[in-house]
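J.: sequence unknown, structure follows:
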């Protein structure tokens with residue numbers, strides 16, 4: 001790595017020049033004693049590095065590093081009596097890898113035990129963070145930015161993708177002189193008495209600071225590439241690898257040139273450079289490819305010998321990764337630029353369901369799963385569910401297990417966890433033939449708005465159209481006696497159902513009603529308002545930590561979201577004193593005399609008089625069916641359910657009387673009723689008329705929604721990256 005060309009004018013140029021000439025500083029704490037060094041040598045490599053195949057591969061890799069002067073070998077017997085003060089020895093692991101048998105990783109987080117009471121702290125735990133944090137801060141948003149670009153692209157646009165990989169990654173940055181001794185390891189060997197240390201001179205995978213140092217270089221290269229992309233078409237000379245980007249049939253079939261600007265996105269994830277474009281011609285694609293590759297070579301200079309030695313991986317280019325195409329694997333996901341869809345890459349689509357199938361078989365035989373394996377697979381599930389957002393709603397029992405951290409996880413002892421594993425596998429299998437639309441992965445201004453409230457007596461809500469027309473609808477449901485009697489109160493501290501559980505059940509009921517009364521919730525954006533903060537939080541995360549009831553309610557909601565192919569919900573909190581529109585239906589069963597409605601028609605009359613719609617329109621009253629309300633109350637009764645029960649629903653309910661005309665853009669009108677309800681002891685009208693609402697109520701409500709949507713979008717990239 002050595003900046004040149006346009007990279008020398010980047011704000012990070014001085015930092016990169018220092019790294020390229022003096023190396024990256026590594027402060028890893030106090031020196032080790034000879035006793036500690038000997039203990040680390042005796043510990044040696046991980047068992048994974050001691051198989052004959054692993055030893056053979058490591059011999060090849062070390063030979064190559066010696067040839068390129070990126071490492072040296074030192075016999076332990078030659079230095080053990082007078083070792084370098086910076087010497088620290090960590091165990092080497094050989095981890096299975098997709099493109100070769102093993103990937104070598106230095107386990108710099110491994111703490112070696114000297115005795116039951118004395119431990120050698122790991123290199124990572126004693127490392128002082130000196131690498132610039134500004135570059136790596138953007139790392140976790142790369143995939144989300146790509147998804148958002150696909151989600152917001154015109155439906156008729158064709159998106160092209162290309163990617164480039166930096167060969168040898170971290171090895172392209174050196175340690176500061178003398179500090180390479182911090183990263184020594186015992187060379188795996190079958191000869192126990194011939195102990196040789198490998199001392200690499202470059203940054204190591206496994207060191208906590210390596211990603212930040214490397215990203216300082218790769219993010220600079222991305223910034224330079226973006227600057228080149230803004231230059232006039234034809235300004236850049238053809239790159240030596242340009243022909244490799246032109247070999248896919250999608251490129252060759254690109255439509256004839258037309259007018260319009262080049263729309264593009266250049267991303268980098270550590271060593272992976274990704275270019276995305278909606279071109280008007282192949283000239284645009286050539287320009288963007290030139291810009292990206294020139295930007296990379298301005299930070300990682302090109303090879304002066306053969307393409308195989310170039311920092312841009314020739315092996316990956318020969319596989320066609322840099323060729324412009326409409327379908328491509330990016331960051332473990334397969335993107336389709338024609339249909340704007342995303343799903344797990346093929347290899348991951350097969351591996352995860354197999355792992356979960358093995359777990360299910362173990363659970364049926366009352367066996368256990370090692371916690372480390374459980375935790376590893378769960379992290380892969382979380383990544384997979386980026387493409388299946390409703391899948392996150394299945395993982396609450398898994399998160400509960402993470403808090404316990406048992407040595408073994410026994411599925412047969414935890415029916416909720418067992419069901420979650422089965423549901424996760426089902427979601428993954430279904431995704432094979434049904435890629436997710438990127439539009440369904442992002443929040444947007446709502447097509448429909450639902451507002452709900454639950455009390456100890458019942459649940460009620462209203463639904464209005466915002467950008468899509470919908471007959472304005474109100475519904476209610478009275479809790480059965482056993483549910484009301486099981487609510488936790490000061491008079492009933494032994495109850496099992498909390499107020500938040502009731503509110504979550506009410507929100508699930510609201511969604512079920514919306515499924516039936518909205519013309520379609522598939523692909524629609526929906527905002528749900530609740531005056532209960534835990535409920536809003538549970539729906540935002542699609543997870544509940546401490547309430548078993550809420551976990552199952554979230555699971556049921558997730559199953560319905562998956563079935564209906566709904567976009568991510570936008571749950572928002574509304575203050576209880578401002579939730580007047582749902583106070584009436586949730587308390588219309590006699591607890592408030594002035595709101596008591598013995599029949600649904602009485603509710604309709606009261607609602608029309610309390611909240612008169614514009615243009616003399618009328619509300620519709622919807623009555624949930626007993627079959628559907630039983631599904632919800634059975635969860636409150638803590639009864640287990642299968643996924644099929646929520647995949648195949650009975651009749652959800654019906655409208656009472658004539659259905660009015662569909663109406664849209666009513667959400668702003670509802671904000672005028674965000675007024676405190678009058679004191680229930682008074683006999684005045686239920687709510688204040690909209691004319692008395694402050695002007696700021698509407699603006700505050702719109703701002704709240706806009707801020708929520710803004711927070712859901714990926715973090716905008718800082719350009720250039722060192723910018724404060």
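T.: The structure has been received and is ready for your questions. Being a predicted model, the structure only gives us computed values, none of them experimental.
J.: and the chain, what are its domains?
T.: 5-132+171-200, 148-169+211-344, 346-440, 443-675 (automatic domain parsing).
J.: if we compare those, which one ends up closest to residue 706?
T.: Closest of these to residue 706 is domain 443-675, at 8.6 Å (criterion: CB to CB). (C-beta placed from N, C-alpha, C; glycine too.)
J.: Can you tell me which of the domains of the chain is nearest to residue 701?
T.: domain 443-675 (4.0 Å).
J.: rewinding a little: tabulate the domains of the chain in CSV, adding columns for mean pLDDT and distance to residue 721.
T.: Formatted as CSV, these follow (pLDDT from 0 to 100; distance: least, CB to CB, whole Å):
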stretch, mean pLDDT, distance to residue 721
domain 5-132+171-200, 93, 7
domain 148-169+211-344, 94, 4
domain 346-440, 92, 24
domain 443-675, 94, 27
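J.: wait, which of the ones you listed is closest to residue 138?
T.: Nearest of these (CB to CB): domain 148-169+211-344, 6.9 Å.
J.: so how far is that closest one off the chain centroid?
T.: 23 Å (CA atoms, centre = their mean, to the nearest Å).
J.: Quick one: end-to-end length of it, please.
T.: The first residue of domain 148-169+211-344 is 17 Å away from its last residue (CA to CA, to the nearest Å).
J.: thinking again about what came up before, so which of the domains of the chain comes closest to residue 710?
T.: So among those, domain 443-675 is nearest, using CB to CB, at 9.7 Å.
J.: Adding mean neighbour count and distance to residue 719, write the domains of the chain out as a markdown table.
T.: A markdown table is the format used below for the domains of the chain (neighbours: other CB atoms under 10 Å; distance: least, CB to CB, whole Å):
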| stretch | mean neighbour count | distance to residue 719 |
| --- | --- | --- |
| domain 5-132+171-200 | 17 | 10 |
| domain 148-169+211-344 | 19 | 6 |
| domain 346-440 | 17 | 23 |
| domain 443-675 | 19 | 25 |
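J.: could I get these as JSON lines with distance to residue 723?
T.: What follows is these, written out as JSON lines (distance: least, CB to CB, whole Å):
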{"stretch": "domain 5-132+171-200", "distance to residue 723": "7"}
{"stretch": "domain 148-169+211-344", "distance to residue 723": "10"}
{"stretch": "domain 346-440", "distance to residue 723": "28"}
{"stretch": "domain 443-675", "distance to residue 723": "27"}
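J.: Figure out which of those is closest to residue 714.
T.: domain 148-169+211-344 (5.4 Å).
J.: need the contact list for the residue most central in space within the chain.
T.: For the chain, residue 386 is the residue whose C-alpha lies nearest the centre (CA atoms, centre = their mean; 5.0 Å). Taking CB atoms under 8 Å, 6 or more residues apart in numbering, we find residue 386 in contact with 143, 147, 333, 441.
J.: got the residue ranges for the strands in the stretch 201-350 of the chain?
T.: Using DSSP state E, counting those that start in this stretch, the strands of the stretch 201-350 of the chain run over 263-269, 272-278, 327-330, 333-336, 341-344.
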